[in-house]
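> just the structure for this:
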Amino acid sequence: MCIFISKFMKKRSSVFRSLRAPRRVTCDDSPGIPIAVPSAPLLRAYKGRPDQPRPPVLTLGGRTSLGIGRCKKVDSVPDFQPDQFQGLWHVMEIFSTSSHCMTMTFKRTGRYTFKVTESREFDLLRRLGHDHTFANTGTFTVKHPWHPAKFKARWPSNIFGSADATIVDTDYDSFAVLVECQHVLFFFRRTSAVILSRENSLDPVIVSRVKADLAKYDLDVAHFDVINHSGCRAPGEAAFNYAIDASTLSFLRRQHKSSKARPKTPPRARPPVRFGMRVPRLRIG
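Alright, predicted model coming up:
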């Protein structure tokens, strides 16, 4: 889990002062991914040896890049048309992931809201021959009406809460670029960039131009991983179809709240008091 990063980063001053390494780690939303942290003797062994490649400070496979500082400011699509943007998009490249067959489906549910379903196949389960699909359904809500391409993204699998999502570029017919960023543990930021396509392939010229544009926002395009779309199953066609959405979490929250709710006993009535004297009630019969 990403929360273990805080325990390691408490000693970041001495570690980074000796390594002079960039303060960047990668993080995954998927459970069960081991964390690789170099031991203290290994870190000391690399101190003062610039000719040797330095070990990674903290890495794990994921779909986000974790850094220190505030989120980068990115521009959104001017005059965004949500009706033209909705529909199925294939994920061509995304930050640091090992998943396959990733797609994102945008369905407009209100004037300022989208229901977004992200579908994928996990690489480890696919190697083990497990026929499956995994769907994660969240909501995109427009932050300000005058910026209709900037959203507050809420994913049920994100334990840190909502994130800022921005549609940086799109022509609605062939490609789109989505950037998400979230502040974590006060001084960390989780950043993810996605290159989308209406088809399961995209012109390399467009991909190169998109990466050049993202590099202008100081986003490290080296984190991009290409998604394999060969032999993909549509959601519902696999032998095992896993899904998580907001209704599942809300059901758990409702159960949690109802278990805490206890019937309150009404307060016991007190006899009337007149001129500072307590007058007992009289029973008749």
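> and the helices in the protein?
5-9, 12-19, 40-45, 82-85, 123-127, 204-215, 246-260 (DSSP state H).
> so, low pLDDT: which residues of this structure?
1-67, 249-285 (pLDDT under 70).
> domains of it?
2-68, 82-247 (automatic domain parsing).
> distance to residue 76 added to those, as CSV?
Backbone N, C-alpha and C define where each C-beta goes, glycine included. Shown next, in CSV, are the domains of the chain (distance: least, CB to CB, whole Å):
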stretch, distance to residue 76
domain 2-68, 20
domain 82-247, 4
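> pick the most deeply packed of the ones you listed.
Of all those, domain 82-247 carries the top mean neighbour count, a mean of 17, counting by mean count of other CB atoms under 10 Å.
> between the two ends of that one, how far is it?
With CA to CA, to the nearest Å as the measure, domain 82-247 spans 24 Å from end to end.
> same check, this time on stretch 162-178
For stretch 162-178, the first and last residues are 15 Å from each other (CA to CA).
> identify the residues contacting that stretch?
If you take CB atoms under 8 Å, 6 or more residues apart in numbering as the criterion, stretch 162-178 is touched by 71, 74-77, 80-81, 84-85, 89, 104, 140, 143, 149-155, 179-182, 190, 193-199, 202-203, 206, 210, 213-214.
> out of the residues you listed, list just those in strands.
89, 104, 140, 143, 149-154, 179-182, 190, 193-197 (DSSP state E).
> for residue 218, what are its contacts?
Contacts of residue 218 (CB under 8 Å, 6+ apart): residue 72.
> how about 10 Å then?
72-74 (CB atoms under 10 Å, 6 or more residues apart in numbering).
> do the same with residue 80
With CB under 10 Å, 6+ apart, residue 80 has these contacts: 142, 147-150, 167, 170, 172.
> phi, psi for residue 97 please.
phi -140, psi 160 (degrees, to the nearest 10).
> on that earlier part again, and the contacts of residue 80 as CSV, adding distance to residue 238?
Shown next, in CSV, are the contacts of residue 80 (distance: CB to CB, whole Å):
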residue, distance to residue 238
142, 33
147, 38
148, 35
149, 33
150, 34
167, 29
170, 29
172, 30
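> out of those residues, who's nearest residue 124?
Top of the list for closeness to residue 124, among the contacts of residue 80 and by CB to CB, is residue 167 at 30.9 Å.
> what's the distance between the closest one and residue 104?
Counting by CB to CB, to the nearest Å, the separation of residue 167 from residue 104 is 11 Å.
> overlap in contacts of these two?
Joint contacts of residue 167 and residue 104 (CB under 10 Å, 6+ apart) are 176, 178, 194, 196.
> the last one contacts residue 103, correct?
Same thing as residue 196. Yes. Using CB atoms under 10 Å, residue 196 is in contact with residue 103, at 8.9 Å.
> what's the overlap in contacts for these two?
Shared contacts of residue 196 and residue 103, counting by CB under 10 Å, 6+ apart, come down to 88-91.
> a markdown table please, covering the residues you listed and showing distance to residue 237.
Output for the shared contacts of residue 196 and residue 103, formatted as a markdown table (distance: CB to CB, whole Å):
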| residue | distance to residue 237 |
| --- | --- |
| 88 | 15 |
| 89 | 19 |
| 90 | 16 |
| 91 | 18 |
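> can you tell me which of those residues is nearest residue 243?
residue 88 (16.5 Å).
> contact partners for the residue nearest to that closest one when sequence neighbours are not counted?
Using CB to CB, 6 or more residues apart in numbering and skipping residues adjacent in sequence, the residue nearest residue 88 is residue 105, 5.1 Å away. Residues counted as contacts of residue 105 (CB under 10 Å, 6+ apart) are 86-89, 114-119, 135, 137, 235.
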